[in-house]
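[1] From the sequence below, what's the structure:
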Amino acid sequence: MAGIKIDKINKFYGTTQALFDINLDIEDGEFVVFVGPSGCGKSTLLRTLAGLEGVSSGRIEIGGRDVTTVEPADRDLAMVFQSYALYPHMTVRENMEFGMKVNGFEPDLRKERIAEAARVLQLEDYLDRKPGQLSGGQRQRVAIGRAIVKNPSVFLFDEPLSNLDAKLRVQMRVELEGLHKQLGATMIYVTHDQVEAMTMADKIVVLNRGRIEQVGSPMDLYHKPNSRFVAEFIGSPAMNVFSSDVGLQDISLDASAAFVGCRPEHIEIVPDGDGHIAATVHVKERLGGESLLYLGLKGGGQIVARVGGDDETKVGAAVSLRFSRHRLHQFDEAGRAI
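    Numbering: from 1, shown residues only. Prediction:
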C-alpha cells in the first residue's frame, strides 16, 4: 500500500483554471473522501491522480515515487467508476479476469485472486453469471472485484454508488467500509453526498471552485468549520446561518461578525419571551425518533431546529429560541470563521 503527496497541483483547460494550488497529504491506509458540489473539481482531482488527466503544474507522488508524468497503467492503482463498465457478453469471472489476462498474469494467480475477491465480496455464487443477470448492487461489487484482483497500492472511487437506490446505497456504504478495514488499503472516494462523506471517511477534503476549503476528520469539519461554505455543506440538515443583525438578545458577538451559525440540534425551544430571539413555527416534519421544526425568525430569515420525536410544539406556535454561546459559529463578511 502507499501514501500520496499532492504538491501545488494546478489544472487548466485552455484558459479556464479547474484546480488551484492543491496541496494534500494522504496517509498509507487512509479512507479519504473528496466532497463538494458539482463543478468543484473533485473528479478532476481524482482523474489527475489516476493519470487520466495531465496536470498543468505541480507534482504527484504515490508511495514516495514521482508519478506526475507516469502512464495510468504504471501508477499501481485501480479505479471504480460511476458506471459499472462491465463487459455484458462476459461472465463475472471473465470480467474480473480480463485485466489480469491482458497484463500477462499466470493462470493460477488469476484463479487465486478471483477466488479471494469473490469471497470478500460475496460473489462466489455469481461467478458464472453475466452482468445482465445481476442486480445493481451485485454489478457494483463486480466492478470493485475487478479492481481488487489487481492488488493495487491505491483504490480510486468516482461516485460509485450514485446509480443505486437509497437502501442499496446504505448497504454498499457499509460494505465498502468493511472492505477498507479488511484490505487496509489507501482509498480515495469522490462524492457530492456529504452523508456518504461523513459516514465513510477517515479524512474529508472539501472542495469549492477548484480550491480546497478544509481538510479534516468528519467531526472536526462538523464542529469546527473554517468557513460558511463548509458549515452549510457538511451536516444534514445543514447548519443554520443567519445575519448577525437579526436581534439576538443577551448574546454578545464579535464586532466583525456578519453571520451567525448554529446546528439544528443545538437550538432549544422555550416559551415565547424566555429565549434569545422570537420565532414562529411554520412547518413540522415528523421523522419518527426526531422532528424538524422550520421556524421564521422575528428579525427575518428561517431556521431549522431538531427536536425529539415526541415534541408537542404546534405549527403556528409563537416560541423563543435559546442558544448556547459556545455552540454558536461566527463568520465575517467574506464567510471565513471568526
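[2] show me where the protein has helices.
    For the chain, the helices defined by DSSP state H occupy 42-50, 92-102, 107-120, 136-148, 166-183, 194-200, 218-223, 228-233.
[3] how about the strands of the stretch 151-300 of the chain, start to end?
    With strands called from DSSP state E, counting those that start in this stretch, the stretch 151-300 of the chain shows them at 154-158, 186-191, 203-208, 211-216, 240-243, 259-262, 267-271, 277-286, 290-297.
[4] So which of those strands is the most surrounded?
    Neighbour counts (mean count of other CB atoms under 10 Å) averaged over each of the strands of the stretch 151-300 of the chain peak at strand 186-191, with a mean of 25. C-betas here are computed from N, CA, C, even on glycine.
[5] just to revisit the earlier point, quick one: closest of the helices of the chain to Glu27.
    When those are compared by CB to CB, helix 166-183 sits nearest Glu27, at 13.2 Å.
[6] Not counting its own residues, what contacts the helix or strand bottoming out on mean pLDDT in the chain?
    The weakest-scoring helix or strand in the chain, judged by mean pLDDT, DSSP states H and E, is helix 166-183 (a mean of 84). Identification of contacts with helix 166-183 by CB atoms under 8 Å, 6 or more residues apart in numbering yields 31, 120-121, 135-137, 140-141, 144, 148, 157, 160-161, 164, 187, 189, 196, 199-200.
[7] Can you tell me which of these are buried?
    By neighbour count, with 16 or more other CB atoms under 10 Å, the contacts of helix 166-183 hold 31, 120-121, 137, 140-141, 144, 148, 157, 160-161, 164, 187, 189, 196, 200 as buried.
[8] follow-up on the earlier one: tell me which residues in the least confident helix or strand of the chain are buried?
    168-169, 172-173, 175-176, 179-180.
[9] the inter-axis angle of it versus strand 186-191?
    Helix 166-183 runs at 160 degrees relative to strand 186-191, counting by axes from the mean of the first three to the mean of the last three CA atoms, to 10 degrees.
[10] is it true that Arg59 touches Val70?
    No: contact between Arg59 and Val70 fails when scored by CB atoms under 8 Å: they sit 11.6 Å apart.
[11] circling back to that earlier point, now the weakest link among the helices of the chain, please, by mean pLDDT.
    With a mean of 84, helix 166-183 has the lowest mean pLDDT of the helices of the chain.
[12] circling back: now tabulate the strands of the stretch 151-300 of the chain in CSV and tack on distance to Gly99 and mean pLDDT.
    Formatted as CSV, these follow (distance: least, CB to CB, whole Å; pLDDT from 0 to 100):
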stretch, distance to Gly99, mean pLDDT
strand 154-158, 14, 93
strand 186-191, 19, 94
strand 203-208, 28, 97
strand 211-216, 32, 98
strand 240-243, 47, 94
strand 259-262, 47, 96
strand 267-271, 52, 94
strand 277-286, 47, 96
strand 290-297, 46, 96
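[13] of all those, which lies closest to Lys111?
    The closest of the strands of the stretch 151-300 of the chain to Lys111 is strand 154-158. By CB to CB, the value is 22.1 Å.
[14] Which other helices and strands does that closest one contact?
    Using 3 or more CB pairs under 8 Å, 6 or more residues apart in numbering; DSSP states H and E as the contact test, the elements touching strand 154-158 are helix 42-50, strand 77-80, strand 186-191.
[15] Not counting it itself, show me its contacts.
    Contacts with strand 154-158, where a contact means CB under 8 Å, 6+ apart, come from 1-2, 4, 43, 46-47, 49-50, 62, 75-82, 147, 176, 185-190.
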